[in-house]
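Novice: Structure for the following, please:
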Amino acid sequence: MKKTSVIIALLSLSLNLSAQKHELTYQSYTKDVAKQDTSLTIIYRNQDEISIQGNEDLMQFNPIQGLAHETLYINYATKNLYRQLEYQNSEAYLATSTIPDNTLEIEGEEEVNGYKCKKYRTSINSNTIELWVTEDLKMNATPILQFANLPGVLIKFQRNGSSITELSTIKPLNKKAKINTQPLANATQVTFRELDQIEKDKKVITTHIFNKQRIHWGDTTHHQGSMPFDTTIHFAGGTLILKRINLQVLPEHYQLFAELTTQSSGDAYDRTGSIFIIPQDSITLYDALTKGIENIPYFTSKKENKYQGMIATPHYSPVVELIRFFTPFGVGHFNDRVQIDGLEWQEEVYYKQEITDLKPFLQGDVLIGAFIGNYDGGGHLLSLDLKAYPGDYVNQITPQRQWTLPLFNTCNVMEMAGQNYPHFFDTDTLSVTFEIPEGVNKLKLRYISTGHGGWGGGDEFNPKPNNIIIDDTIIYQYTPWREDCGRYREWNPVSGNFWNGLSSSDLSRSGWCPGTATQPTYIYLDELTPGKHTIKVAIPQGKAEGGSFSAWSVSGVLIGDKK
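Specialist: Predicted structure coming up:
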């Protein structure tokens, strides 16, 4: 009786395996981590055709913008591979190729999860790949396209001994079961490489801000009244451009980046530039732009000079700097002026910087500006995009946990409209009193500093320590200094060349190089408690010589977490 039962069971298994349609479930997990924290991949098989469903579960839960329903297909009869993306707006793209012929050496035979398998091993991009494949099931199936050439069913895949994908269940389906194992006939045909780029681009939320906008001296227009949306307006004689936009509120997992390009449109010199946000307070820099510089708060130095809009007051916040950048010597416009063997001038300069820490300023109604200090009629062309990259697949908005407070910004973006140069550090410290509310912790100061004064004794070419003082205690001291400026020679076609073989753009500078962005320094203030505090910035600025003077452009934003 027992022998007969065994024969019937084996006959039933054989009939099931010979069925035309099957459903195979694969489980992916990390070794030594609980298997319930896994992702599942479902394969549907119809004879020699299979479809691989990788993210069906994600599409059911409020997915992020640009997430596609992905299906992979393998046709073992025609030896074709397919990758298909379907978007919610009915767009569909399909990439096709043939099953690769790469041959993997068999390392041996092992039993895995009850299956007799051949073990294969290979290395891809320094990753050790191990695969266990069985031919006993009399069919072909794998959830990984690049190994579709291996005969049989993939039972287990392992990368670097830790990342594992293995067959969890296999079950026959009724021959009348409706499964789709063929790609869409009306999908747009692209290459695999093009499809990869389409998938990435659609997940990234890109906001185009400025496109080849000219920033130059000589614009005599004077805008008054409220700022319209989605319109670029020039201020300060044309050296500052401003745009009002509406940015969507994003889930916390998104990372934000600014992408910027500049090129000369007539100006040959290295200039200070800044991308910034105007905070929405009762008094703003926009009041100064439309009504005059006297409409924003100022402080007076010991020399009786006024410095407008540079420090926070109870009713005014200085502009929040996203990127401090510097144009090179004439890239683009002057590329044909000088030819140097071994150098090929670039057409424009590209800057990319993460600005995730400033996310609270980059949602809703936003005034975003760009400044390049110059007195040239041709000036510079500037383009700016904001890009948001998801860190998860779910579009879940949570309460804002980040707390921010703009403290100071001495980069005089209204230079050509009367805002003074920040040359007060020789006699004064920059001082701001501020208050931290209850429930805010993990504080840090996002600090940017660059020194200026472009002659031999000027602070551009002489290292000077920056002292950050809170409540009369020096909590941080460092010297902003760049010694890698020679790396960017190909962005500086009309930089002066010296008798000794160096170029002006090669010279080390106080926190910047021509054609680069200055990276923020983060000063951690974990011990700062709620209540009132005073922050000071002290820099031993050099003395003026003749008509030349030194100046320091520093900006600081306090960032913390709300409990």
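Novice: Mind jotting down where the helices sit in the stretch 101-250 of the chain?
Specialist: 192-203 (DSSP state H, counting those that start in this stretch).
Novice: which residues in it form strands?
Specialist: Read by DSSP state E, counting those that start in this stretch, the stretch 101-250 of the chain holds these strands, from start to end of the chain: 106-112, 115-124, 127-134, 153-159, 163-172, 188-190, 205-215, 233-235, 240-247.
Novice: can you pull the contacts of Val33?
Specialist: By Cβ atoms under 8 Å, 6 or more residues apart in numbering, Val33 lies in contact with nothing. From N, CA and C alone the C-beta is placed, and that goes for glycine too.
Novice: ok but it is inside a helix, no?
Specialist: No - read with DSSP: H, G, I helix; E, B strand; the rest coil, Val33 is coil and lies in no helix.
Novice: just so I know, which of the strands of the stretch 101-250 of the chain lies nearest Ala68?
Specialist: strand 188-190 (12.5 Å; Cβ to Cβ).
Novice: Tell me which other helices or strands the closest one touches.
Specialist: strand 92-98 (3 or more Cβ pairs under 8 Å, 6 or more residues apart in numbering; DSSP states H and E).
Novice: So which residues make contact with the strand it packs on?
Specialist: With Cβ under 8 Å, 6+ apart, strand 92-98 has contacts from 79-86, 183-184, 186-192, 194-195, 198.
Novice: Mind checking which of the residues you listed are buried?
Specialist: Asn80, Leu81, Tyr82, Arg83, Gln84, Leu85, Glu86, Pro183, Ala187, Val190, Leu195, Ile198 (16 or more other Cβ atoms under 10 Å).
Novice: Any chance of a markdown table for the residues you listed, columns pLDDT?
Specialist: Output for those, formatted as a markdown table (pLDDT from 0 to 100):
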| residue | pLDDT |
| --- | --- |
| Asn80 | 96 |
| Leu81 | 97 |
| Tyr82 | 97 |
| Arg83 | 97 |
| Gln84 | 97 |
| Leu85 | 96 |
| Glu86 | 94 |
| Pro183 | 96 |
| Ala187 | 97 |
| Val190 | 98 |
| Leu195 | 98 |
| Ile198 | 97 |
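Novice: Now render these as CSV, adding distance to Ile170.
Specialist: Listed next are the buried ones among the contacts of strand 92-98 as CSV, based on distance: Cβ to Cβ, whole Å:
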residue, distance to Ile170
Asn80, 23
Leu81, 22
Tyr82, 22
Arg83, 23
Gln84, 24
Leu85, 27
Glu86, 26
Pro183, 23
Ala187, 29
Val190, 33
Leu195, 29
Ile198, 33
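Novice: Glu107 against Thr128, yeah?
Specialist: No - applying Cβ atoms under 8 Å as the test, Glu107 and Thr128 come out as separate, 11.6 Å apart.
Novice: Next, show the common contact partners of those two.
Specialist: In contact with both Glu107 and Thr128: Arg121, using Cβ under 8 Å, 6+ apart.
Novice: What about Ile43? Give its phi and psi, please.
Specialist: phi -110, psi 130 (degrees, to the nearest 10).
Novice: Sorry, wrong one. I was asking about Ala288.
Specialist: Dihedral angles (degrees, to the nearest 10) for Ala288: phi -70, psi -40.
Novice: that older thread, could the strands of the stretch 101-250 of the chain be laid out in JSON lines, adding distance to Ala95?
Specialist: Converted to JSON lines, the strands of the stretch 101-250 of the chain look like this (distance: least, Cβ to Cβ, whole Å):
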{"stretch": "strand 106-112", "distance to Ala95": "30"}
{"stretch": "strand 115-124", "distance to Ala95": "20"}
{"stretch": "strand 127-134", "distance to Ala95": "22"}
{"stretch": "strand 153-159", "distance to Ala95": "21"}
{"stretch": "strand 163-172", "distance to Ala95": "22"}
{"stretch": "strand 188-190", "distance to Ala95": "6"}
{"stretch": "strand 205-215", "distance to Ala95": "23"}
{"stretch": "strand 233-235", "distance to Ala95": "44"}
{"stretch": "strand 240-247", "distance to Ala95": "33"}
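Novice: wait, which of those strands is closest to Thr262?
Specialist: Among the strands of the stretch 101-250 of the chain, if distance is taken as Cβ to Cβ, the winner is strand 205-215, at 8.6 Å.
Novice: hmm, who's touching the closest one?
Specialist: 65-66, 232, 238-241, 243, 245, 247-248, 250, 254, 265, 368, 370-372, 374, 378-388.
Novice: For Ile372, give me its contacts.
Specialist: Counting by Cβ under 8 Å, 6+ apart, Ile372 has contacts Ile215, Thr239, Thr262, Arg271, Thr272, Gly273, Thr327, Gly379, His380, Leu382.
Novice: Swap in 6 Å and give it another go.
Specialist: Ile372 makes contact with Ile215, Arg271, Gly273, His380, according to Cβ atoms under 6 Å, 6 or more residues apart in numbering.
Novice: Could you do Phe157 as well?
Specialist: Leu131, Thr165 are the contacts of Phe157 under Cβ under 6 Å, 6+ apart.
Novice: That one pairs with what?
Specialist: Legend: beta-bridge partners of Phe157 under DSSP bridges are Leu131, Thr165.
Novice: Contacts only, for Ser39.
Specialist: Ser28.
Novice: any idea how far Leu384 is from the spatially most central residue of the chain?
Specialist: Centrality entry for the chain: nearest residue to the mean C-alpha point is Phe257, 3.6 Å, by Cα atoms, centre = their mean. Using Cβ to Cβ, to the nearest Å, Phe257 is found at 11 Å from Leu384.
Novice: can you map out the helices along this protein?
Specialist: For the chain, the helices defined by DSSP state H cover 2-17, 192-203, 285-291.
Novice: related to what we said a few turns ago, please list only the buried members of the contacts of strand 205-215.
Specialist: 66, 238-241, 243, 245, 247, 250, 254, 265, 368, 370-372, 374, 378-388.
Novice: now, which of these lie within strands?
Specialist: 240-241, 243, 245, 247, 368, 370-372, 380-388 (DSSP state E).
Novice: quick one: low-confidence ranges for this structure?
Specialist: 1-18, 34-37, 55-60 (pLDDT under 70).
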